[in-house]
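**Student:** Just a sequence and a predicted model for now, questions to come.
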Amino acid sequence: MASESPTILREASEGPPSGSDRNRTDLPSGALQILRPDGTLLPGSEVPLTDAQAVEAYRWMSMSKAVDERAFTMQRQGRLGTFSPTRGQEASVVGSALALTVGKDWVVPQYRELGAVLMHGLPLEQWFCYWMGNMTGGWIPESVRVLPVQIALAAQIPHAVGLAWGRRLLGTDETTIVYFGDGASSEGDFHEAANFAGVVDAPVILFLQNNGWAISTPRSRQSAAKTLASRAEGYGMPGVIVDGNDVMAVYAATRDAVARARRGEGPTLIESMTYRLGPHNTADDHTRYVDADDFEASKALDPLPRMYSYLLSAGLWDERRESELAEELTKLAQDAAEAAEKRRPQARQVFDHVYATPPSRLIRQAENLLGPNVFPTS
């Protein structure tokens, strides 16, 4: 049964020593956790999800994994560009996105939030088009409250704060969630945006996915802070630490941050302690810098088996439904990818929508590639 508990927000507390990388199976003191890695409830914990929401969360996490696997195979075949898989972070992304209202609240991704953007209405075919280099993949349907993928680290955070503040000035009770990693939290854009959000009480959730790595730079080399959530106090907002591999805990923390924002109480910084079960992106070899023992230990934290075990024990899932879901998602990913491939980008798109009046050098380049009269004169 779902809990009626009003809040589970906790302030950030001291974590492990900052001088070395912690074992990722350990959580900082005070981190919110509801489901153990084996899928059982911690004593005294209440389930914040309805049965239907629990199944929905598992389906979206499974979909994220299925799409990642399809896309990874296509990238290795030369059919897709470099992209960053969500693997290992499905609970962090899905649990937080589930706490928002689709069609009302805003999602501002970085580049590893596949589940969130799909849950909030971005067509999967569009996602594939984007990573295939098709400029039409950057188009967001009018009804979808999702901003485009942002590759430049932390550049989306000021945009999200401005969006949230602007919507509040218009008199709405909408909220905005912005995703970024521990590496992005070392950028000036994060600090400037967090400071501004605190000053104007912007209804924004700063969702920091701490997967331990900024590409190949470990957390311990980025900041001496005991926790990244502890930075929140300096900006006048709560800092919350949550087990990012526990979809229930992530949902609960985000739900309460959304409620704060709707009440006009301003921003929240959530540090989601998760783990990247793979490379930074498909151009990266994580085995060159990730400790093999640490990586193997962290596989036990995989959020999908954790939720699967819970659903089985609660009588909400079984092997037949699991098999049917796997077949359904494999086909869905395949169909979307094939549809996107039929929309392969054309060379002409490189030159379109760059200048209102193309300069002579651009015209020469286009004609060298495509032939004469690429830009007809009026």
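**Tutor:** Right, received. Where do you want to start?

**Student:** What is the burial count for residue 138?
**Tutor:** 11 (other Cβ atoms under 10 Å). The C-beta positions use only the backbone N, C-alpha and C, and glycine is treated the same way.

**Student:** so what's it up against?
**Tutor:** Applying Cβ atoms under 8 Å, 6 or more residues apart in numbering to residue 138 gives the contacts 130, 148, 149.

**Student:** Give me the phi and psi angles of the second one.
**Tutor:** Main-chain dihedrals, residue 148, degrees, to the nearest 10: phi -60, psi 160.

**Student:** where exactly do the helices run in the stretch 251-378 of the chain?
**Tutor:** Ranges of helices in the stretch 251-378 of the chain, per DSSP state H, counting those that start in this stretch, are 292-298, 303-313, 319-341, 360-370.

**Student:** Serialize these to TSV and add fields for distance to residue 42, mean neighbour count and mean pLDDT.
**Tutor:** Output for these, formatted as TSV (distance: least, Cβ to Cβ, whole Å; neighbours: other Cβ atoms under 10 Å; pLDDT from 0 to 100):
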stretch	distance to residue 42	mean neighbour count	mean pLDDT
helix 292-298	20	13	89
helix 303-313	12	20	98
helix 319-341	25	15	97
helix 360-370	61	13	92
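
**Student:** can you redo these as CSV with distance to residue 69?
**Tutor:** Putting those into CSV (distance: least, Cβ to Cβ, whole Å) gives the following:
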stretch, distance to residue 69
helix 292-298, 18
helix 303-313, 12
helix 319-341, 8
helix 360-370, 35
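
**Student:** picking that back up, buried subset of the contacts of residue 138?
**Tutor:** Neighbour counting by 16 or more other Cβ atoms under 10 Å classes 130, 148, 149 among these as buried.

**Student:** Could you count how many residues lie near the closest residue in space to the last one that isn't next to it in sequence?
**Tutor:** When you say that, I think you mean residue 149. Using Cβ to Cβ, 6 or more residues apart in numbering and skipping the chain neighbours, the partner closest in space to residue 149 is residue 111 (5.1 Å). Number of residues near residue 111 (other Cβ under 10 Å) recorded here: 20.

**Student:** go on, residue 317?
**Tutor:** 19.

**Student:** Just send the buried ones among the contacts of residue 138 back as CSV, with pLDDT and distance to residue 142 too.
**Tutor:** Listed next are the buried ones among the contacts of residue 138 as CSV, based on pLDDT from 0 to 100; distance: Cβ to Cβ, whole Å:
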residue, pLDDT, distance to residue 142
130, 94, 18
148, 95, 14
149, 95, 18
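
**Student:** can you list the residues you listed in JSON lines and add distance to residue 326?
**Tutor:** What follows is those, written out as JSON lines (distance: Cβ to Cβ, whole Å):
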{"residue": "130", "distance to residue 326": "25"}
{"residue": "148", "distance to residue 326": "30"}
{"residue": "149", "distance to residue 326": "27"}
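
**Student:** Between those, which sits nearest residue 231?
**Tutor:** In terms of Cβ to Cβ, no member of those lies closer to residue 231 than residue 149, at 25.1 Å.

**Student:** List the contacts of that closest one.
**Tutor:** Residue 149 neighbours (Cβ under 8 Å, 6+ apart): 109, 110, 111, 130, 138.

**Student:** next one: residue 129
**Tutor:** Here residue 129 is in contact with 136, 137, 340, 343 (Cβ under 8 Å, 6+ apart).

**Student:** from memory the second one sits against residue 122, does it?
**Tutor:** No - with contact defined as Cβ atoms under 8 Å, residue 137 does not reach residue 122; the gap is 9.9 Å.

**Student:** neighbour-wise, which of the two wins?
**Tutor:** Using other Cβ under 10 Å as the criterion, residue 137 and residue 122 rank with residue 122 on top: 24 against 21.

**Student:** my guess is that one meets residue 145, correct?
**Tutor:** No - using Cβ under 8 Å, residue 122 and residue 145 do not qualify as a contacting pair, with a distance of 9.9 Å.

**Student:** Which parts of the chain belong to which domain?
**Tutor:** 51-345, 347-378 (automatic domain parsing).

**Student:** Now do the shortest one: distance to the chain's middle.
**Tutor:** In terms of Cα atoms, centre = their mean, to the nearest Å, the centre of domain 347-378 is set 37 Å apart from its chain centre.

**Student:** ok, residue 64 - contacts?
**Tutor:** Counting by Cβ under 8 Å, 6+ apart, residue 64 touches 86, 90, 93, 94, 114, 115, 118.

**Student:** Repeat that for residue 105.
**Tutor:** Contacts of residue 105 were listed using Cβ under 8 Å, 6+ apart, and they are 145, 174, 175, 176, 177, 258.
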